[in-house]
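J.: Sequence below, structure please.
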Amino acid sequence: MCGRYVTVSKIKEIEKRFGVTAESPGDYHVNANVSPGQKSAVITDAHPDKLDFMHFGFTPFWAKKKMYVINARSEGDQNQTDDPIYTGAKGIIQKPMFRASIRSKRCLVVADAFIEGPKTEKLDKPYCVYMRDGERPFAFAGIWDEWADRSTGELFHSFAIITTIANSLLQKIGHHRSPVILDKESESLWLDKDLPLGDVTSLLQPYPGEAMNAYPISTDIKSSRNHGLELLRPTGERVEKEYSYELHQSLNLEGMGAAPARQRRLFEDE
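T.: Here you go, the predicted structure:
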């Protein structure tokens, strides 16, 4: 499950990284605690050159009311025990909730890190999970849809993050799932409407655990009302030891523990 994640890059950095333009940049906000129901940045197959903003929490077009489904299991109804070595069918293509969107409404969900906890304790024992090499922002594989409120005619655009089996790092944290993170080479494929379905599902793999790391953070992250960068300050040691001074400096200076004034200077648009 991936129910909280982090977006702290400047919007100009996001535009440059993904080759997109934000037509409504005022919709973007630095948020250390993107939570269900909140708007966040996505890039869709409908507008691959545009940075869109949609609600985190998926509602399919046929629903009678808003549903806010935050995750879509790549295995569908298969692998009910969340076996980390599962290599079977990608049942998402058969799930009524997702089978239309996985074929024709895919998106990149922009993120800098994500928040996860053990299966039992959940956000009572939260960790901030990030890329070891400092690669950010990156993209989760997502699906989206457009739902119309029948009483008002209002259109509601929303998305879910696709999950898969836990990689080695998530297993060390004690969590049973991983969000699907796409490498750069796969991002354009994910948005390709003509990509065969078999090739689409082949992308739904866990990101290498050795390329990631995590550290514990405050349980203040549990409240969706909290968004500040102070939420990302470490409260303990990293899961895996790191020996790169430059990496530590990068993390410290770019939101993982910097002083509030320094954080504001770093994340304000130029």
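J.: Skip the chain neighbours and tell me the closest residue to residue 125.
T.: residue 117 (4.9 Å; CB to CB, 6 or more residues apart in numbering). (Each C-beta comes from the backbone N, C-alpha and C, glycine too.)
J.: And the one you found, its phi and psi?
T.: Main-chain dihedrals, residue 117, degrees, to the nearest 10: phi -140, psi 170.
J.: Verify the stated contact: it with residue 126.
T.: Yes - counting by CB atoms under 8 Å, residue 117 sits close enough to residue 126 to count as a contact (4.8 Å).
J.: residue ranges of the strands in this protein, please?
T.: For the chain, the strands defined by DSSP state E occupy 4-7, 21-22, 31-34, 39-44, 50-56, 71-73, 106-111, 113-116, 127-131, 138-148, 155-165, 177-179, 181-182, 212-216.
J.: Can I get those in a markdown table including distance to residue 235 and mean pLDDT?
T.: Formatted as a markdown table, the strands of the chain follow (distance: least, CB to CB, whole Å; pLDDT from 0 to 100):
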| stretch | distance to residue 235 | mean pLDDT |
| --- | --- | --- |
| strand 4-7 | 16 | 98 |
| strand 21-22 | 34 | 98 |
| strand 31-34 | 14 | 98 |
| strand 39-44 | 25 | 98 |
| strand 50-56 | 25 | 98 |
| strand 71-73 | 26 | 98 |
| strand 106-111 | 21 | 98 |
| strand 113-116 | 13 | 98 |
| strand 127-131 | 10 | 97 |
| strand 138-148 | 24 | 98 |
| strand 155-165 | 25 | 98 |
| strand 177-179 | 22 | 98 |
| strand 181-182 | 24 | 98 |
| strand 212-216 | 5 | 97 |
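J.: what's the most buried one of those strands?
T.: Most buried of the strands of the chain by mean neighbour count (mean count of other CB atoms under 10 Å) is strand 106-111; its value is a mean of 27.
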